[in-house]
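Asker: generate a structure from the sequence data that follows.
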Amino acid sequence: MGSGYRMQRIGLFGGSFDPVHLGHLLVAQAAREELDLTRLFFIPAAQSPFKPDRKPSPANERLRLLRLALAGKEWCEIDEQEIKRGGVSYTIDTLKDYSRRFPQAQLFYLIGADNVQQLPKWREANELARLAEFVAIPRPGEAATAFPAPFRGRTLVGFPLGVSSSQVRERVKAGRPIDHLVPAHVAEAIHNNRLYL
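Answerer: Okay, here's the model as predicted:
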């Protein structure tokens, strides 16, 4: 990075992270490289508006696993604002907060490719589209998605991994190993704290 002032490019990665797995970490790495990010914030949701029937694990457990997964990655930070707000987490509240805190920054919001077509239905969609560029996380083997107006966006190229948090939870419950699906420290913590059983 040159000595000249450079506009901050900030990535925002929301999700339940229940638990965080290697797919999430590979997405973070790809986003950092492809979007030339200065920083990336992981933003665990209190409750997703799209999964009203699924109660996520307690926030402190999800945060503990995230901290273990991100240890030593100085370009990643965990933002607990949605958990602290409680209730259903709306992206617009979070994006407004970032545009206030980093008025000069360019914001990139990571979103699963399967959610892209729903974006116009999100709360305050026009304002959302104005505040950030959206970045679709592709599913393995699926083509890039076109963004519905007024959203502007692009699709990550790197490392789509067919791993989901629900698969990890199911494997733990069934007593199957989760090596190579989550970072080693995370697997150990899940085991030691008897999570997802």
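Asker: just checking, what packs against the strand or helix carrying residue 130?
Answerer: Per DSSP states H and E, residue 130 falls inside helix 125-131. Packed against helix 125-131 by the contact rule (3 or more C-beta pairs under 8 Å, 6 or more residues apart in numbering; DSSP states H and E) you find helix 91-101. In this view, the C-beta of every residue, glycine as well, is placed from N, C-alpha and C.
Asker: before we move on, the earlier item: give the buried residues for the helix holding residue 130.
Answerer: 125, 128, 129, 131 (16 or more other C-beta atoms under 10 Å).
Asker: likewise stretch 87-105?
Answerer: Applying 16+ other C-beta under 10 Å to stretch 87-105 flags 89, 90, 91, 94, 95, 98 as buried.
Asker: beyond the helix ranked longest in the chain, next helix or strand please.
Answerer: Identified as the longest helix of the chain according to DSSP state H is helix 22-35. Toward the C-terminus, helix 22-35 is succeeded by strand 39-44 as the next helix or strand (DSSP H and E).
Asker: which parts of this structure are strands?
Answerer: Remark: strands assigned in the chain by DSSP state E are 9-15, 39-44, 76-78, 106-112, 133-137, 153-155.
Asker: dump these into CSV; add distance to residue 119 and mean neighbour count as well.
Answerer: Compiled in CSV, the strands of the chain are given as follows (distance: least, C-beta to C-beta, whole Å; neighbours: other C-beta atoms under 10 Å):
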stretch, distance to residue 119, mean neighbour count
strand 9-15, 13, 21
strand 39-44, 17, 22
strand 76-78, 25, 17
strand 106-112, 8, 20
strand 133-137, 7, 22
strand 153-155, 9, 18
